[in-house]
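Enquirer: Just need the structure, nothing else, for what follows:
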Amino acid sequence: MADKKSTVFTYNGRKIKIVPISNEISLESNRYYAKAFDTAERGGSPLRPEVEEMLKRRGLHDTTANDAKIREARKDLRVLELQLRKGVIENRRMTKAEGKALALKMRKEREKLSTIGRDLSSYFSNTAESYAENQRLRYYIYATAVDADTGANIWKSFESFDTETDSALVDEVSRHFLVAISGIDEDYEKEFYEIKWLIRMGFMNQKLRLIDEKGRLVDDEGRLIDENDNYIDELGNRVDIYGNRLDKDGNLAEEDVWGLMASTSESDLPPKTGILAANTSSTNP
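Expert: Just a heads-up that it's a prediction; the model follows:
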């Protein structure tokens, strides 16, 4: 795995740097790969050639179909982009609302494109090689994360990284490592035409979150949401998709008179109306 660049970021006030993968780190990672591979193989994990042979017997190893799906998806995306660029629908100028719907359709189609081939690759996720490669990757993340000021490793040992309880720290370091090692800009999505269009027209902010005319976060249907994608009302109270108030645990906030009543006496029950009142009054004159 070739290194691309270094990156520095801050986590809880501490500056952390992702350094390139050195020859020493690469050589040491081989030891963890071999150990993990041996563990997985002894534990019964299949080898990659065995999985490939199984897929060939079942006729599932041919990637031609996926290649055709990718070409077709890219073609569809190009057609949608041309339509959005022209701004014409049914021989008339499209509205901003229609343009937004088209841009969101492009976004969903692009997401589908990225999933093509995952079914095939999922067969290899439990192989001994996959397990060992994942362990090697984890070692890379541990070994390349250092204090930006002192150069000391963030974790004293790979074992301490492996048992780290601050999952947010591990996630943040991992994310920056993958960005540094791949050389891919974190904001690569901003280069897609539909994203540029949504931002330019005020339907999306710089964090690639959909917003309304007041700058509030919304979902694809324009419903208000918070930073965690929970539905909210105009006052910021959490609600369900139908607008019903929810408590902090996501349960309906409406009081449950049946579950909370102290006794079964008639005075504790809700008022009798309609058919219920008529039935009870006829049996209890």
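
Enquirer: Kindly report the domain assignment for this structure.
Expert: 7-63+117-182, 209-285 (automatic domain parsing).

Enquirer: can you put those in CSV and add mean neighbour count?
Expert: From N, CA and C alone the C-beta is placed, and that goes for glycine too. Formatted as CSV, those follow (neighbours: other Cβ atoms under 10 Å):
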stretch, mean neighbour count
domain 7-63+117-182, 15
domain 209-285, 11
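
Enquirer: what's the least confident stretch among these?
Expert: Lowest mean pLDDT of the domains of the chain: domain 209-285, a mean of 76.

Enquirer: quick one: which of the domains of the chain is nearest residue 83?
Expert: With Cβ to Cβ, the closest approach to residue 83 among these belongs to domain 209-285: 18.9 Å.

Enquirer: Now render the domains of the chain as TSV, adding distance to residue 76.
Expert: Output for the domains of the chain, formatted as TSV (distance: least, Cβ to Cβ, whole Å):
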stretch	distance to residue 76
domain 7-63+117-182	17
domain 209-285	19
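
Enquirer: which one of those lies closest to residue 88?
Expert: Proximity to residue 88 (Cβ to Cβ) singles out domain 209-285 among the domains of the chain, at 23.1 Å.

Enquirer: Let me see the contact set for the spatially closest residue to residue 19 that is not a sequence neighbour.
Expert: Of all residues not flanking residue 19 in the chain, residue 144 sits nearest, at 5.1 Å (Cβ to Cβ, 6 or more residues apart in numbering). Residues in contact with residue 144, defined by Cβ atoms under 8 Å, 6 or more residues apart in numbering, are 18, 19, 20, 21, 25, 177, 180.

Enquirer: Quick check: end-to-end length of stretch 32-50?
Expert: 23 Å (Cα to Cα, to the nearest Å).

Enquirer: for the helix or strand harbouring residue 50, packing partners?
Expert: Using DSSP states H and E, residue 50 sits within helix 48-57. Applying 3 or more Cβ pairs under 8 Å, 6 or more residues apart in numbering; DSSP states H and E, we find helix 48-57 packed against helix 128-144.

Enquirer: What is the helix or strand following the helix it packs on packed up against?
Expert: Where DSSP H and E defines the elements, the next helix or strand beyond helix 128-144 is strand 145-147. Judged by 3+ Cβ pairs under 8 Å, 6+ apart, strand 145-147 is in contact with strand 14-18.

Enquirer: and the strand it packs on, how far out from the chain's middle?
Expert: Distance, stretch centre to chain centre, for strand 14-18: 24 Å (Cα atoms, centre = their mean, to the nearest Å).

Enquirer: Which residue ranges of the stretch 1-150 of the chain form strands?
Expert: Using DSSP state E, counting those that start in this stretch, the strands of the stretch 1-150 of the chain run over residues 7-11, 14-18, 88-89, 92-93, 145-147.
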